[in-house]
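Trainee: Need the 3D shape of this:
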Amino acid sequence: MPLVPLPLPDPGRPDLSSPLGFLRWLGRAQRRGQLLATLWSTLELGSMAALPVAIGRGVQAVVDHDTRALLTAGLFALLLAVVQTTMTVLLHRQVVWNWIQAASQVRQLVARQASALGGGLSRRIATGEIVAVSSGDVEKIGWYVELTARLYGAVLAWLGVSTVVLWRQPGLGLAVLLGVPVLAAAVWPLLGPFERRYAEQRALGGKASELAADTVAGLRVLRGIGGEELFLRRYRAASQRVRAAAVRTARTWAVMQAQEVLLPGLFVIGVTWYGARLALDGSIGVGELIAVYGSTAFLAAPLRVIGEAAHAWSVARVSAGRAVKVLTLTRDDAPADGSAADGAAPEGAAGAAADGAELVRRAPRSDLHDPVSGLTARAGRLTAVVCGDPDAAGELAARLGGRPVLAEGVAAVPSARLGGVELDGVPLAAARAAVLVHDKEPVLLSGTLAELLDVPRSGRVGPAEALAAARAQDALEALVDGSPECAGDPMAARITERGRSLSGGQRQRLALARSLVADPPVLVLDEPTSAVDAHTESRIAAGLRELRSGRTTVVFATSPLLLDQADTVLLLQQGRVAASGTHRELMTEEPRYRAVVTRDENEAGAGTAARPAVGPAARPAADPVGSGLAGSGLAGGAE
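Mentor: Just a heads-up that it's a prediction; the model follows:
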């Protein structure tokens with residue numbers, strides 16, 4: 001059994017037509033492992049079934065006083081014991097290998113899908129659902145794949161025993177041949193209720209996980225408003241619903257397990273009684289009766305495997321349905337066949353890869369254009385976008401990065417273009433290497449600061465320069481204070497999960513530094529300073545302009561402090577570019593622009609502005625030209 005490095009270079013293209021199709025594809029993906037496990041299982045069960053024959057011959061040899069036959073039977077039993085032990089070891093190793101391989105493959109598929117969908121994933125499916133699929137559902141699917149080979153081995157062993165007994169004793173053989181399928185089929189009426197109850201338990205568990213994740217994420221806020229008890233009661237209620245559903249599922253499973261013990265036991269008793277009648281009539285000898293009894297009693301093992309496989313099939317089908325639900329989530333341009341993650345163009349992967357390489361090479365000198373809004377960000381310039389609707393701004397930012405995730409029922413939109421190349425027509429990796437979108441709510445993963453900033457980069461911008469441009473000095477001091485083990489080195493300081501030990505402004509600036517150190521040819525920033533005070537925002541704006549000099553940068557903002565640093569400012573109204581110019585020109589000449597930036601509803605055209613923004617965007621701009629004094633009375637309040 002060869003060792004396979006994980007993660008796999010390519011988890012493959014799954015069949016997402018149905019849960020059953022997905023499970024079949026998963027089994028085909030490791031045919032060699034399944035074939036070996038089936039072989040080892042057949043040999044293990046075959047040697048187990050043949051052992052009573054050797055024992056029966058030994059007993060008959062004692063009855064006949066045949067020393068040679070007794071020695072032969074003993075050696076035969078020893079050989080079978082050695083084969084059974086060896087096959088048990090090989091089978092266990094192989095089925096565990098199959099389980100791990102299948103689980104890893106599904107986890108990679110889910111991770112690839114999450115990466116392909118990006119920030120839009122959480123808008124399409126609950127975070128708790130993703131966690132449940134990546135943990136519990138993956139294990140259930142792996143269990144089914146592991147059991148498949150053992151099921152094949154059990155069926156082959158049953159056919160072999162039935163054939164031998166049918167040859168020696170037709171009546172007993174017919175009972176064995178027909179009795180096992182009848183006993184196996186007896187469990188099927190319970191599979192439907194069990195599957196429905198397990199699906200209900202699984203759905204309630206996903207909701208409870210989602211509630212727990214949301215509660216933990218907002219724990220600081222909950223403590224601030226005294227809401228811990230409220231959410232604790234909600235989680236307790238959700239947990240009790242999961243417990244009740246699990247009890248209902250366990251009851252059905254207990255009945256299924258009872259059947260697996262009771263029915264085979266009754267079957268063995270019946271066959272043994274019939275064999276004893278034959279022995280009393282002299283039709284068979286004592287040794288042959290022992291062999292028949294032992295072989296029949298052995299059939300309890302295949303029946304247990306069949307029952308376990310039925311259980312695994314039920315839960316795996318539910319889990320596979322959940323996995324398929326996640327894996328079939330697509331962006332507006334992506335086919336639902338698993339190829340969305342690679343972003344291959346219809347012309348073929350080779351052509352798309354070539355286009356992607358050319359796109360990355362030309363990106364620093366290419367304009368970024370969105371045909372939907374009419375926005376064009378000139379190469380090498382800092383372009384600011386003013387939009388009164390934060391949601392519309394977020395959708396446009398995602399669209400500029402290629403492959404936006406649209407809500408259900410929303411029609412597909414034309415792709416954004418970089419240098420005339422459609423971003424959804426090149427591999428996703430190439431699109432992201434050319435255009436990096438910095439989300440308005442970036443996530444900091446746990447680890448050291450050095451690990452946080454260890455991202456693919458051009459090498460032009462170092463961590464120290466990025467942190468300085470983001471004005472993150474106080475965040476570094478907070479990390480050092482909270483990590484005594486770092487010995488004063490901020491890069492060795494640990495960041496807690498999602499950076500919860502830091503303030504909102506500190507998290508935002510560390511995330512901005514991560515984007516700056518990547519130094520992409522095109523950087524799209526969506527409200528990168530919404531959680532910092534006006535003084536810090538002014539310094540960040542200056543640092544951003546200096547560090548990104550000569551690189552294409554698009555900033556979505558409504559703060560005069562950022563807008564005044566831009567080479568060009570674009571005003572979006574109802575999803576289209578309505579005006580362009582510098583910040584000072586637009587403040588003087590465009591009342592709709594002033595209405596959004598100053599939040600003055602008395603300005604002409606204010607009615608066209610969408611709902612007010614939050615954070616620094618909502619600060620009043622007392623200085624209409626954005627000299628850096630606007631909103632200074634709120635300095636420190638955003639943190």
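
Trainee: pLDDT averaged over stretch 508-527 - what is it?
Mentor: The average pLDDT within stretch 508-527 is 93.

Trainee: In contact with the nearest residue in space to N98 that is not next to it in sequence: list those residues for me.
Mentor: If you skip the residues right next to it in sequence, N98 has G33 as its closest partner in space, 4.7 Å away by CB to CB, 6 or more residues apart in numbering. For glycine as for every other residue, the C-beta is placed from the backbone atoms N, C-alpha and C. Residues touching G33, when contacts are defined by CB atoms under 8 Å, 6 or more residues apart in numbering, comprise 1, 94, 97-98, 101, 149.

Trainee: repeat for E451
Mentor: Residues touching E451, when contacts are defined by CB under 8 Å, 6+ apart, comprise L445.

Trainee: now it: how far from M587?
Mentor: For E451, the distance to M587 under the criterion CB to CB, to the nearest Å works out to 43 Å.

Trainee: repeat for L502
Mentor: When CB to CB is the yardstick, L502 and M587 sit 34 Å from each other.

Trainee: Can you give me the neighbour number for the residue lying closest to S501 once chain neighbours are set aside?
Mentor: Counting by CB to CB, 6+ apart, S501 lies nearest to G482, which is 5.4 Å off, once chain neighbours are set aside. By other CB atoms under 10 Å, the residues close to G482 number 14.

Trainee: for G482, what are its contacts?
Mentor: With CB under 8 Å, 6+ apart as the criterion, the residues that contact G482 are 493-494, 496, 501.

Trainee: Do I have it right that D370 meets E422?
Mentor: No. Between D370 and E422 there is no contact under CB atoms under 8 Å: 11.3 Å.

Trainee: Out of the two, name the residue with the larger neighbour count.
Mentor: Neighbours per residue, other CB under 10 Å: of D370 and E422, the larger number sits with D370, 21 against 18.

Trainee: beta partners of the more buried one?
Mentor: L375 (DSSP bridges).

Trainee: mean confidence for stretch 178-186?
Mentor: Stretch 178-186 carries an average pLDDT of 73.

Trainee: that older thread, just put the contacts of G482 in JSON lines and tack on pLDDT, distance to L570 and neighbour count.
Mentor: Formatted as JSON lines, the contacts of G482 follow (pLDDT from 0 to 100; distance: CB to CB, whole Å; neighbours: other CB atoms under 10 Å):
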{"residue": "A493", "pLDDT": "91", "distance to L570": "39", "neighbour count": "23"}
{"residue": "R494", "pLDDT": "90", "distance to L570": "41", "neighbour count": "16"}
{"residue": "T496", "pLDDT": "81", "distance to L570": "38", "neighbour count": "14"}
{"residue": "S501", "pLDDT": "78", "distance to L570": "38", "neighbour count": "17"}
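
Trainee: And the residues you listed, which is closest to K140?
Mentor: Checking these against K140 with CB to CB, the nearest one is T496 at 31.4 Å.

Trainee: Go ahead and confirm the closest one touches S446.
Mentor: Yes. Judged on CB under 8 Å, T496 makes contact with S446 at a distance of 6.1 Å.

Trainee: returning to that earlier point: mutual contacts of D370 and E422, please.
Mentor: The contact sets of D370 and E422 overlap at A416 (CB under 8 Å, 6+ apart).

Trainee: Please go through the protein and pick out the longest helix.
Mentor: With residue count as the measure and DSSP state H as the assignment, the chain has helix 228-280 as its longest helix.

Trainee: now stretch 84-102, how far from the centre of its chain.
Mentor: Offset of stretch 84-102 from its chain centre (CA atoms, centre = their mean, to the nearest Å): 26 Å.

Trainee: what does stretch 552-568 give?
Mentor: Chain-centre distance of stretch 552-568: 36 Å, with CA atoms, centre = their mean.

Trainee: Going by neighbour count, which residues of that stretch are buried?
Mentor: Burial within stretch 552-568, assessed by neighbour count using 16 or more other CB atoms under 10 Å, is assigned to 552-566, 568.

Trainee: Identify, from these, the entry nearest to L190.
Mentor: Of all those, the one with the least separation from L190 (CB to CB) is F556, at 56.4 Å.

Trainee: Please verify my assumption that the closest one contacts L525.
Mentor: Yes. Counting by CB under 8 Å, F556 does reach L525; the two are 6.8 Å apart.

Trainee: Just give the closest residue to the spatially most central residue of the chain, not the sequence neighbours.
Mentor: Nearest to the mean C-alpha position of the chain, counting by CA atoms, centre = their mean, stands V110 at 3.4 Å. Distance criterion CB to CB, 6+ apart; nearest residue to V110, sequence neighbours excluded, is S134 at 5.3 Å.

Trainee: Report the separation between F22 and R514.
Mentor: Distance of F22 to R514, computed by CB to CB: 35 Å.

Trainee: Compare those two and say which is more crowded by neighbours.
Mentor: F22 (26 against 23).

Trainee: how far away is the more buried one from K140?
Mentor: 13 Å.

Trainee: Not counting sequence-adjacent ones, nearest residue to L453?
Mentor: Closest residue in space to L453, ignoring its immediate chain neighbours: P463 at 4.7 Å, by CB to CB, 6+ apart.

Trainee: right, and the one you found touches A513 too?
Mentor: Yes. Checked against CB under 8 Å, the pair P463 and A513 is within contact range at 7.4 Å.

Trainee: Just the helices from the stretch 101-250 of the chain, written as ranges.
Mentor: Applying DSSP state H, counting those that start in this stretch to the stretch 101-250 of the chain gives helices spanning 121-124, 127-132, 138-168, 170-185, 188-217, 219-225, 228-280.

Trainee: buried residues in stretch 194-201?
Mentor: Using 16+ other CB under 10 Å as the burial criterion, the residues of stretch 194-201 that qualify are 194-195, 197-201.

Trainee: All the helices of the stretch 251-400 of the chain, residue numbers only.
Mentor: Using DSSP H, counting those that start in this stretch, the helices assigned to the stretch 251-400 of the chain run over residues 286-298, 300-327, 349-362, 390-400.

Trainee: Those helices: which one's closest to R539?
Mentor: Minimum separation from R539 across those (CB to CB) falls at helix 390-400, 23.3 Å.

Trainee: who does the next helix or strand after the closest one touch, helix- and strand-wise?
Mentor: The helix or strand immediately downstream of helix 390-400 is strand 417-418, counting by DSSP states H and E. On a contact count with 3 or more CB pairs under 8 Å, 6 or more residues apart in numbering; DSSP states H and E, strand 417-418 meets strand 368-370.

Trainee: Contacts for the strand it packs on, please.
Mentor: The set of residues external to strand 368-370 that reach it, using CB under 8 Å, 6+ apart, is 375-377, 396, 399-400, 416-418, 435, 522, 552, 554.

Trainee: Lovely, talk soon.
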